[in-house]
Structures are given as C-alpha cells and as structure tokens.
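**Student:** sequence and computational prediction follow.
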Amino acid sequence: MKPEARRALVERIFDKARENGQTIEDDPLFISWIEEWIAGDIEIAELREKYRGFLASHGQSKSDE
C-alpha cells in the first residue's frame with residue numbers, strides 16, 4: 001500500500017472514530033508510530049505490538065478505552 005493510501009486510511013479511521021464519540025490517542029509516541037507505518041517503515045503488526053506495550057506501560061488495556 002502506498003503512503004498516500006495509508007494516510008487516507010488512517011484519516012478515515014480517525015474521522016469515523018471521532019464521529020462515534022471515541023477518543024483518539026494523541027500521545028506523540030503513538031503518532032510517531034502511525035507516521036512510521038504510513039511511511040512503510042514498520043508493518044501494522046509491529047504498530048499493534050508497540051501500542052499494546054504502550055497501553056500496558058500506562059496501566060491500560062484496549063478494553064479500557
């Protein structure tokens with residue numbers, strides 16, 4: 001997937017989440033991982049694992065959101 005398509009996908013997902021009243025993670029570290037995925041520097045599985053570790057280190061789980 002090209003970076004433009006990845007960015008458009010992220011924007012659609014974030015827009016949909018906002019429309020549904022969900023909070024979007026705005027931590028700079030998370031945003032940097034999103035940018036790495038958009039650039040094709042990491043795979044989505046790596047992004048997911050990094051985010052899981054982030055949530056664990058902050059005492060959260062995905063179900064808490």
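**Tutor:** Yep, it's here.

**Student:** just the mean pLDDT for stretch 23-42, thanks.
**Tutor:** Mean pLDDT, computed over stretch 23-42, is 96.

**Student:** and the helices in the protein?
**Tutor:** 3-19, 28-39, 44-57 (DSSP state H).

**Student:** highest mean neighbour count out of these?
**Tutor:** helix 28-39 (a mean of 15; mean count of other Cβ atoms under 10 Å). Heads up, the C-betas are built off the backbone N, CA and C, glycines and all.

**Student:** what angle separates that helix from helix 3-19?
**Tutor:** 140 degrees (axes from the mean of the first three to the mean of the last three Cα atoms, to 10 degrees).

**Student:** for the closest residue to L9 other than its chain neighbours, give its distance to G59.
**Tutor:** Residue nearest to L9 in three dimensions, not counting chain neighbours: M1, with 7.7 Å by Cβ to Cβ, 6 or more residues apart in numbering. Remark: distance between M1 and G59 (Cβ to Cβ, to the nearest Å) = 33 Å.

**Student:** among the two, which residue is more densely surrounded?
**Tutor:** Taking other Cβ atoms under 10 Å, M1 and G59 do not tie; M1 has more neighbours (11 against 7).

**Student:** distance of that one from R12?
**Tutor:** From M1 across to R12, the span is 13 Å (Cβ to Cβ).

**Student:** what's the answer for I24, then?
**Tutor:** Using Cβ to Cβ, I24 is found at 12 Å from R12.

**Student:** likewise I44?
**Tutor:** To R12, I44 is 15 Å away according to Cβ to Cβ.

**Student:** for S57, same thing?
**Tutor:** Distance of S57 to R12, given as Cβ to Cβ: 28 Å.
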